[in-house]
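**Student:** Any chance you could fold what I've pasted below:
(chains A and B)
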Protein chains: 2
Amino acid sequence: MQDTHIQSAFDRDLEGIQASIMKMGGLVEEAILDAAQSLETRDEELAETVRRRDKVIDALEEQINEEVARVIALRAPTAVDLRIVLSVLKVSGNLERIGDYAKNMAKRTTVLSSMAPVHDAAAALRRMAREVERMLKDALDAYIQRDAGLARDVMERDRDIDQMYNALFREYLTFMMEDPRNITPCMHLHFIAKNTERMGDHVTSIAEQVIYLVTGEMPEDTRPKGDQTSVNPDLSQGAAS
Amino acid sequence: MQDTHIQSAFDRDLEGIQASIMKMGGLVEEAILDAAQSLETRDEELAETVRRRDKVIDALEEQINEEVARVIALRAPTAVDLRIVLSVLKVSGNLERIGDYAKNMAKRTTVLSSMAPVHDAAAALRRMAREVERMLKDALDAYIQRDAGLARDVMERDRDIDQMYNALFREYLTFMMEDPRNITPCMHLHFIAKNTERMGDHVTSIAEQVIYLVTGEMPEDTRPKGDQTSVNPDLSQGAAS
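**Tutor:** Numbers count the residues shown, from 1 in each chain, chains lettered A, B, ... in the order given. Presented below is the predicted three-dimensional model:
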């Protein structure tokens, strides 16, 4: 009896923590979409909202970390239960970083709004951000439902994000060489593209946690390597080659 | 008696984990210095060594995470002890990210070696990397010795790193506008500078953990905000203004 009682108390605690993770995930998804939209429509008010809301996301992470510490201290989980609880810390950490990148994207809206727009660069970034947001949604669903298949699918899709980034990198180099006035805005756009690619890496890391929880092992170097610009001479030379 | 016994077993476990953290920290410090040196001397062999050794750092992080899980399961620490154990996960996570940035710096050595050198850009980057390495050393000492004063000192010094980054950002913009052939190498150099600045943020995050352990509270928004280029119009316009 005692055992069953402890078990279900732990399950209740875990459900509470997972609800917090989903809430945090929802806010981060919103931040990604709003940041990308503020960039495209040059909506400084929306950008400001994203920046303000990041404090809520940070507070949620701290709250989740405290809940985790409380559950460990109170229920002393072992084996699989402990693995599940510790994975929560990883996932909340990943979500916090993604939120930070979204905040950073929103910050640059203000700067970029003061410059001449560069072709349809913001629209391409928005498509990329939208893809990352969909991946995040699926990664969190996979996490809650312990769905390793969906998690693997998310990891696969990170390749598309990497390709989008590599294409944008080349495009920005071309714009910069065509017209020096594009150099400053393109430096900022490039940052945003890189940060969006990094968001994808953090989503992949959540998907890896799912596979670890389900199989007991981290996927072996299956994480698609993101940024080819540092190793592929064609890309790294860009339009200069 | 029983209590004393459990306490000291926990202390022994903790010492073991902290030894692993120091080992990991030593490897990460080495990675920072070697990566910066490979960049400056265009030493592709050294760059390759840095990339290979990053696998050891990643393996150490996994090992530390497992040790932490084992200690929690075995000793069921509560209150301050639990806080200490959970802080290990944060610190090892920060070290792993810094190692990743060093690896990324080393990767770009190969690409940059194929291009004409840009002024003394690599030397400035090495000075910045050296500062970050010293900060990391002090942050880890502060962590082991629970020295909040030293931790605050580290956080202060992160401002210098941010200033170095902001100066480099402006310099690269100038180089790019002076000569379009500088655009591609400067995009890579800028990335490295930004990643070095991010290393400093992760060092700061370790210092924050120290203050949290000593005082029980996270320092309130004392973290100096790194990148001014996204908010300061002067910097964001760079040489174009």
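**Student:** Any residue of the strand or helix carrying residue A:137 touching chain B?
**Tutor:** Secondary structure assigned from DSSP states H and E places residue A:137 in helix A:121-145. No: Helix A:121-145 lies apart from chain B when judged by CB under 8 Å from any CB of the partner chain; the minimum separation is 14.9 Å. In this view, the C-beta of every residue, glycine as well, is placed from N, C-alpha and C.
**Student:** buried stuff in the longest helix belonging to chain A?
**Tutor:** The residue-count maximum for a helix in chain A (DSSP state H) belongs to helix A:2-41. By 16 or more other CB atoms under 10 Å in any protein chain shown, the buried positions in helix A:2-41 come out as A:10, A:13-14, A:17-18, A:20-21, A:24-25, A:27-40.
**Student:** same question, stretch A:50-58
**Tutor:** A:50-51, A:53-54, A:57.
**Student:** quick one: average pLDDT of the helix or strand just after the longest helix of chain A?
**Tutor:** Using DSSP H and E, the next helix or strand after helix A:2-41 towards the C-terminus is helix A:44-75. Throughout helix A:44-75, pLDDT has a mean value of 94.
**Student:** Tell me if the helix or strand that comes right after helix A:44-75 is near chain B.
**Tutor:** For helix A:44-75, the following helix or strand on the C-terminal side (DSSP H and E) is helix A:79-113. Yes: Helix A:79-113 reaches chain B (CB under 8 Å from any CB) through A:79, A:82-83, A:86, A:89, A:93, A:104, A:107-108, A:110-111.
**Student:** Format those as a markdown table; extra columns: neighbour count.
**Tutor:** A markdown table is the format used below for the residues of helix A:79-113 next to chain B (neighbours: other CB atoms under 10 Å in any protein chain shown):
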| residue | neighbour count |
| --- | --- |
| A:79 | 9 |
| A:82 | 19 |
| A:83 | 16 |
| A:86 | 19 |
| A:89 | 20 |
| A:93 | 19 |
| A:104 | 18 |
| A:107 | 23 |
| A:108 | 24 |
| A:110 | 18 |
| A:111 | 19 |
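**Student:** Quick check: residue A:24 touching residue A:58?
**Tutor:** No: at 9.8 Å, residue A:24 does not count as touching residue A:58 under the criterion of CB atoms under 8 Å.
**Student:** who does the host helix or strand of residue A:186 touch, helix- and strand-wise?
**Tutor:** Residue A:186 belongs to helix A:183-215 when assigned by DSSP H and E. Judged by 3 or more CB pairs under 8 Å, 6 or more residues apart in numbering or on different chains; DSSP states H and E, helix A:183-215 is in contact with helix A:79-113, helix A:121-145, helix A:148-178, helix B:148-178, helix B:183-215, helix B:233-237.
**Student:** Report the rounded mean pLDDT for the last one.
**Tutor:** Model confidence over helix B:233-237, given as mean pLDDT, is 44.
**Student:** Then stretch A:156-166?
**Tutor:** 95.
**Student:** Just the buried residues of it, please?
**Tutor:** Buried residues in stretch A:156-166, counting neighbours by 16+ other CB under 10 Å, are found at A:157-158, A:161-162, A:164-166.
**Student:** And stretch A:142-152, by the same measure?
**Tutor:** Using 16+ other CB under 10 Å as the test for burial, stretch A:142-152 gives A:142-143, A:147-148, A:150-152.
**Student:** Hmm, residue A:142 and residue A:209 touching each other?
**Tutor:** No: Residue A:209 is beyond contact range of residue A:142, at 9.5 Å (criterion: CB under 8 Å).
**Student:** For the spatially most central residue of chain A, give me its contacts.
**Tutor:** The centroid of chain A falls nearest to residue A:199 when counting by CA atoms, centre = their mean (3.3 Å). Residue A:199 makes contacts with A:32, A:98, A:101-102, A:129, A:132, A:136, as judged by CB atoms under 8 Å, 6 or more residues apart in numbering or on different chains.
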